[in-house]
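Asks: Here is a sequence together with a model predicted from it:
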Amino acid sequence: KRSVFVFESVVNFLAVNSSNYSSSCFVGSNFSKMNFLTAEKASKLDQELMSTPGFSLDQLMELAGLSVACSIAEKYNHGKKILIVCGPGNNGGDGLVASRHLHHFGFDDVDLFYPKRTDKKIFKNLVHQIEQLNINLLEKMPSYSEIKSKYELIVDSIFGFSFKGEIRPPFDTIIENMISSKVPIISVDVPSGWNVDEGYVSADSRNLKIEPEMLISLTAPKLCSHKFAGKYHYIGGRFLPPKLAKKYDLEWLPTYPGTNQCVELK
């Protein structure tokens, strides 16, 4: 009972006193027992968010991408040269949104590589918004040596919780270049190429295992997050209604203090 009291006191203290801190964190002594989402539950929750509360996809993507940018801004200075790599799905859309917010936050050196574009209006609009800000959209993926010499951070926004199977071209080579560069990687929701439930599992003889320095879990951590061994783990996506939090056993999720769009897990 005493440990529970101390735990709750720490959380309440952080929530009440958040205005005194430049960043927020959630300290949990029972971290290993917290309920993380399986791929199946993550998919069902995503569908319910768009049906029960009635969120639209662009609403969720905007809030998720904003939280990604806020998490990065909490830990890295604005002078960092960043390469954002976006995949063809919703995880890639989160990266597109994040690039726009990073620009508005004062990150002036952001390049974006988005190799497999879609004709869906929401994604075309996101690209148009990026072009209006003169964010540099690369025509080809830099080699690992070019990444190493030019960039200080890579944002991995390629695959999300719907990823299954092996990494297919062109993303196998893209991920290989990212890893070989040794530049710190920030993964959005799930490190690309990881099995959402089990972590990295692949028959590929190449080293395609992304080991991010930062992981930004969206809505709630996925089950593979238990195998994350990087420096910084954040939760973002401030839109989960209490009823759905209870239904999916996510009532342990930290309260976002003040106007924060992200919370660091310690």
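Replies: That came through, no problem. Residues are numbered from 1 along each chain as shown.

Asks: in this protein, what spans have low per-residue confidence?
Replies: The model of the chain has pLDDT under 70 over residues 1-33.

Asks: pull the longest helix from it.
Replies: The single longest helix within the chain, with elements called by DSSP state H, is helix 57-75.

Asks: mind listing what's buried in that one?
Replies: Of the residues in helix 57-75, 60-75 count as buried by neighbour count, 16 or more other Cβ atoms under 10 Å. C-beta: built from backbone N, CA, C; applies to glycine.

Asks: cool, stretch 135-142 as well?
Replies: Of the residues in stretch 135-142, those buried under the neighbour-count criterion (16+ other Cβ under 10 Å) are 135, 141-142.

Asks: Check for me that Gly165 belongs to a strand.
Replies: No - remark: Gly165 does not belong to a strand; assigned using DSSP: H, G, I helix; E, B strand; the rest coil, it is coil.

Asks: and it, backbone torsions?
Replies: The phi and psi values for Gly165, taken as degrees, to the nearest 10, are phi 80, psi -150.

Asks: And for it, the neighbour number?
Replies: Per other Cβ atoms under 10 Å, the neighbour tally for Gly165 reads 8.

Asks: returning to what we had before: continuing past the longest helix of the chain, what's the next helix or strand?
Replies: On the C-terminal side of helix 57-75, the closest following helix or strand by DSSP states H and E is strand 82-86.

Asks: could you check the angle helix 57-75 makes with that next one?
Replies: 150 degrees (axes from the mean of the first three to the mean of the last three Cα atoms, to 10 degrees).

Asks: Now the next helix or strand after strand 82-86: buried residues?
Replies: Beyond strand 82-86 in the direction of the C-terminus, DSSP H and E gives the next helix or strand as helix 90-104. Residues of helix 90-104 classed as buried by neighbour count (16+ other Cβ under 10 Å): 90-103.
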